[in-house]
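Engineer: Structure for this input, please:
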Amino acid sequence: MQAGQRARNVFVVLWVAVTALKAIVAARLPLFVDEAFYWQEGRHLAAAYSDLPGLTAWMTRLGVELAGHHAFGVRLPFLVMGAALPWMVARLSMRWFGARFGWQAGSLTVLMPLSATLGILAVPDVPMAFAAVLCLDAGARLLRGVDAGSALMLASGLLLGALSHYRFIGVIGVGFIALLLLPEGRRTLRDARVWMALTVGIIAWLPLLAWNLDNQDAGLKFQLVERHPWAFQISGLWFLAIQPLLVTPLLCLAMWQAGAAGIRPAPGGQQRVQWRYFALVGGVSTLAIFLLGFFTDVERISFHWPLPGYFALLAAVPLILGRWPRIWRRLAWAMALAGLVLAFGYYLVAASPALREQLAGNKYYPRNFAGWQPLADAVREELAAMPEDTRLLAGSFKVGAELGFLRADASIPVLPHPLNDKHGRTAQLALWKLIDEGRRSVPQLLVLAPGDQRYRDLLERYHQVCALVGPLPPPRVVSTDHGYQRFLLFRLPAGRQEGACTTPAMAWIDAPLPGAAAHGVVDVKGWAFKDGIGLDAVEVLVDGKAVARADYGADYDVTAFWKISTDPNHPRVGFSARLDADALPPGRHWLGLRLHGADGSVEDWWEQPLDVPER
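Structural biologist: Alright, predicted model coming up:
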């Protein structure tokens, strides 16, 4: 009893501390682009949507109605669900393995980075995980004996899961397989009350099925066909490598041992059937997802997919840790705590403009969290200077959703964009009549995010925009974190203007390389061009200030790569300048360009780090 009480006290302290920290982060962290789109869906209430069933959108709407129009309000229902999950896992484990092991399972759920951060973001994985644990608990109870309460719990979990995500079909399938592999499970499946619960779960999919029938199966095609290559990719190994880091290595090992021990018959047959059930659910689901990782989408975030299976294994992990030597047990707990600190550290960096700026140029830079408020401020200023009937036009669903949230306007039209298709949002935007093909009778303020596509595709995207709206006037550049989040604002007059495609400028610095150590006089070289109109001048910036005017117009033929470029200066688009690094104080500086177009435009390019060593 004393051991159980100590374990409970540890759990409560950890849960209170982590839940409070999650609430603080959720209140400070800007909305991720997907969250903003779920908020937008919540302002257009429907039974189902192109990318998801309805529950996520409904929860964002509920949070805003209860707590107000801000990031914390959007995330509030998800925070509550995320906070409930450790208690659910603790009670589940406690029922079959005792109080001490149950509270320890709850503590591990609080600490494991994947589950510890669940609820900070308003994403469908939160209700899906909640539903998966409900179904897991119900299945374990049903193996002991079918009763109305367990069947009702199963029905509730299946209902929530069907309303949360397409991927919940996999959770259902794994649970069904686990029951079929157990004699007690096969007996359970013969009970009419279980089939009544399953019927509720089947009916819950009808809104999503109806949406797909009405929209040429757009959601199913995206989730099952268009999103995934369904061809072997060796890069799937990264999925396997990252999992031990996200759940911490020793805890990952303990989960696999818990799965193996549960599936392997115990001496004397004393092992609980529930442990075998947890092992089958966790083992089958994680193994299936690991194998699918070689064939499915590797471009978007998928590291959280095994989480429902991990919850099943966590229920039995304290029994495994209890068999380890004390030093390894302590190391496993210490690693889990360190993983928690690192996971929260990333979110805290993303929530802090000063800290986030330090990641500029790093592959871990949280671009989808950055720059939205400065953009909204610039949009407000531009609209105030334009005619009253000016309409806002976004270049992609990301810009439309984020600006929509910050402006409390869920109906900002967007241009056709490959990103809308890639994320399964085109069909939904079309249903809302928010796809704008560029025809206009009133002035528009167009907002583009150049970082929404790979740099090699950027010029082609600019030409696509020209084909939709006409030549682009000089833009206002809104730059955050040294240009690693960058937006372009264009004042489009009423009525389409005809003429050659004029695009924003393009540039590249060949020397010095990013992060290079600068000694003495540094040669700055590269190329720059602006389709349709050309450039008049290029200035070199250090820390945002012009320090040199480059010699522009040297021979530098880039048309072999930029085949569609129409800059009249080709091939004379090279520039060079000399920078006295000794005149700069030691430390990190930021080297950039200011591009002057022949149409009077002035565009600051993104910056790259330049290190001046101590002298």
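Engineer: and the next element down the chain from the strand or helix carrying Leu208?
Structural biologist: Assigned by DSSP states H and E, Leu208 belongs to helix 206-214. Under the assignment DSSP H and E, the closest C-terminal helix or strand after helix 206-214 is helix 218-221.
Engineer: Tell me which helix or strand comes right after that next one.
Structural biologist: For helix 218-221, the following helix or strand on the C-terminal side (DSSP H and E) is helix 237-247.
Engineer: got the buried residues for that following helix?
Structural biologist: Of the residues in helix 237-247, Phe239, Gln243, Leu246, Val247 count as buried by neighbour count, 16 or more other CB atoms under 10 Å. Heads up, the C-betas are built off the backbone N, CA and C, glycines and all.
Engineer: could you dump those residues to CSV with distance to Thr426?
Structural biologist: Written out in CSV, the entries for the buried residues of helix 237-247 read as follows (distance: CB to CB, whole Å):
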residue, distance to Thr426
Phe239, 27
Gln243, 32
Leu246, 31
Val247, 35
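Engineer: Just name the closest of those residues to Leu393, please.
Structural biologist: Within the set of the buried residues of helix 237-247, Phe239 lies nearest Leu393; the separation is 37.7 Å, counting by CB to CB.
Engineer: What score does the residue lying closest to that closest one once chain neighbours are set aside have for pLDDT?
Structural biologist: Nearest non-adjacent residue to Phe239, counting by CB to CB, 6 or more residues apart in numbering: Gly293, 3.7 Å away. pLDDT for Gly293: 73.
Engineer: what does Val612 give?
Structural biologist: The per-residue pLDDT of Val612 was computed as 90.
Engineer: That one and Asp580 touch, don't they?
Structural biologist: No. Counting by CB atoms under 8 Å, Val612 sits too far from Asp580 to count as a contact (10.7 Å).
Engineer: With neighbour numbers in mind, choose between the two.
Structural biologist: Using other CB atoms under 10 Å, the more surrounded residue of Val612 and Asp580 is Val612, with 19 against 12.
Engineer: Contacts only, for that one.
Structural biologist: With CB atoms under 8 Å, 6 or more residues apart in numbering as the criterion, the residues that contact Val612 are Ala517, Ala518, Ala581, Leu584, Pro585, Pro586, Gly587, Arg588, His589.
Engineer: and with 10 Å instead?
Structural biologist: Counting by CB atoms under 10 Å, 6 or more residues apart in numbering, Val612 makes contact with 517-519, 522, 542, 581-589.
Engineer: how far does stretch 517-525 stretch from start to finish?
Structural biologist: 16 Å (CA to CA, to the nearest Å).
Engineer: Can you tell me what sits against it?
Structural biologist: Contacts made with stretch 517-525 from outside it, assessed by CB under 10 Å, 6+ apart, are listed as 508-512, 516, 538, 540, 542, 547-548, 550-551, 554, 556, 574-584, 589, 591, 593, 610-613, 615.
Engineer: Which ChimeraX command selects the buried ones in those?
Structural biologist: For selection in ChimeraX, the members of those meeting the burial criterion (16+ other CB under 10 Å) are listed in this command:
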select :509,512,538,540,542,547,548,550,556,574,575,576,577,579,581,584,589,591,593,610,612
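Engineer: Let's see which of the contacts of Val612 end up in strands.
Structural biologist: Here DSSP state E is the test, and the contacts of Val612 give Ala517, Val522, Val542, Gly587, Arg588, His589 as lying in strands.
Engineer: where's the fifth one relative to Gly483, distance?
Structural biologist: According to CB to CB, to the nearest Å, Arg588 and Gly483 sit 15 Å apart.
Engineer: Between the two, tell me which one has more neighbours.
Structural biologist: Neighbour count, other CB under 10 Å: between Arg588 and Gly483, Gly483 has more, with 21 against 11.
Engineer: Quick one: residues contacting the residue lying closest to Phe294 once chain neighbours are set aside.
Structural biologist: Leaving out its chain neighbours, the residue that sits closest to Phe294 by CB to CB, 6+ apart is Gly236, at 3.4 Å. When the contact criterion is CB under 10 Å, 6+ apart, the partners of Gly236 are Phe290, Leu291, Leu292, Gly293, Phe294, Phe295, Thr296, Val298.
Engineer: how is this protein carved up into domains?
Structural biologist: In the domain annotation for the chain, the residue ranges read 124-226, 360-498, 505-615 (automatic domain parsing).
Engineer: Make a markdown table from those and add distance to Ala83 to it.
Structural biologist: A markdown table is the format used below for the domains of the chain (distance: least, CB to CB, whole Å):
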| stretch | distance to Ala83 |
| --- | --- |
| domain 124-226 | 10 |
| domain 360-498 | 22 |
| domain 505-615 | 39 |
